[in-house]
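1. Predicted model and sequence below, questions to follow.
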Amino acid sequence: MTLFLTTDLGDLSLEIEGQKLLSLAISNKKTNNNTAVASDSKGNNEQADSVIIQLKNYFSSATSFKTIALAPEGTPFQKSVWRELRKIPPGETRTYGDIASKLNSSARAVGNACRKNPIAIIVPCHRVISANGLGGYAGKTEGRQLDIKRWLLNHEGALA
């Protein structure tokens, strides 16, 4: 099932299979329709309802995400990085080096795993910064992607 949700940040596209979230992507455009729309829907889906409610709560008050079953595709290393990212509370950041130390890896490898993160916002790669600045977001170090990272960190109160 594919869901679309318009938020203050922009339009989100979510892929849900069964009761698991496979991906959440942020579009480069924003519509004025502040609703969730499902396509390929085959009846009620508790996971879809829960994800939409939690995303709306996040955008209204930067709350944490509770029980969302995730099934992102990635390598074992990428999945280990994504598990670490989910431990970072809203309003806090960690450096690529911090995550690398926990995983006995390199900051560059952590950055590459963040770039491949298929579940934006819920797997909060935006909370990972470089040792001397914001770093990048979704593989970019300027433009719309970095604006998204700044917006998310400001929304959570992580940037002064």
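-> Done, it's in. Numbers count the residues shown, from 1 in each chain.
2. Of all the residues in the top helix by length along the chain, which ones are buried?
-> Taking DSSP state H as the criterion, the chain has its longest helix at helix 46-61. Within helix 46-61, the residues that count as buried by 16 or more other C-beta atoms under 10 Å are 47-48, 50-52, 54-55, 58-59. Every C-beta, even on glycine, is put in place using the N, C-alpha and C of the backbone.
3. does Ser130 really touch Thr95, like I thought?
-> Yes - with contact defined as C-beta atoms under 8 Å, Ser130 reaches Thr95; the gap is 6.5 Å.
4. ok, for Leu146, nearest residue in space, not its chain neighbours?
-> Distances taken as C-beta to C-beta, 6 or more residues apart in numbering put Tyr137 closest to Leu146, at 5.6 Å, once the chain neighbours are dropped.
5. which residues does the one you found form a beta bridge with?
-> Going by DSSP bridges, Tyr137 is paired in beta bridges with Lys140.
6. Any idea how many residues pack against it?
-> Residues near Tyr137, counting by other C-beta atoms under 10 Å, number 27.
7. That one and Ala113: what is the separation?
-> Note on Tyr137: its distance to Ala113, by C-beta to C-beta, to the nearest Å, is 13 Å.
8. Could you list the alpha-carbon positions for the longest helix of the chain in PDB?
-> Extracted in PDB, the C-alpha atoms of helix 46-61 (Å, rounded to 0.1, in the frame of the first residue of the first chain):
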ATOM      1  CA  GLU A  46      -3.700  -0.800  11.600                       C
ATOM      2  CA  GLN A  47      -0.100  -0.100  10.800                       C
ATOM      3  CA  ALA A  48      -1.000   2.500   8.200                       C
ATOM      4  CA  ASP A  49      -3.400   4.200  10.600                       C
ATOM      5  CA  SER A  50      -0.800   4.200  13.400                       C
ATOM      6  CA  VAL A  51       2.000   5.600  11.200                       C
ATOM      7  CA  ILE A  52      -0.200   8.400  10.000                       C
ATOM      8  CA  ILE A  53      -1.300   9.300  13.500                       C
ATOM      9  CA  GLN A  54       2.200   9.200  14.800                       C
ATOM     10  CA  LEU A  55       3.500  11.300  11.900                       C
ATOM     11  CA  LYS A  56       0.800  13.900  12.500                       C
ATOM     12  CA  ASN A  57       1.700  14.000  16.200                       C
ATOM     13  CA  TYR A  58       5.400  14.400  15.300                       C
ATOM     14  CA  PHE A  59       4.700  17.300  13.100                       C
ATOM     15  CA  SER A  60       2.500  19.000  15.700                       C
ATOM     16  CA  SER A  61       4.800  18.500  18.700                       C
END
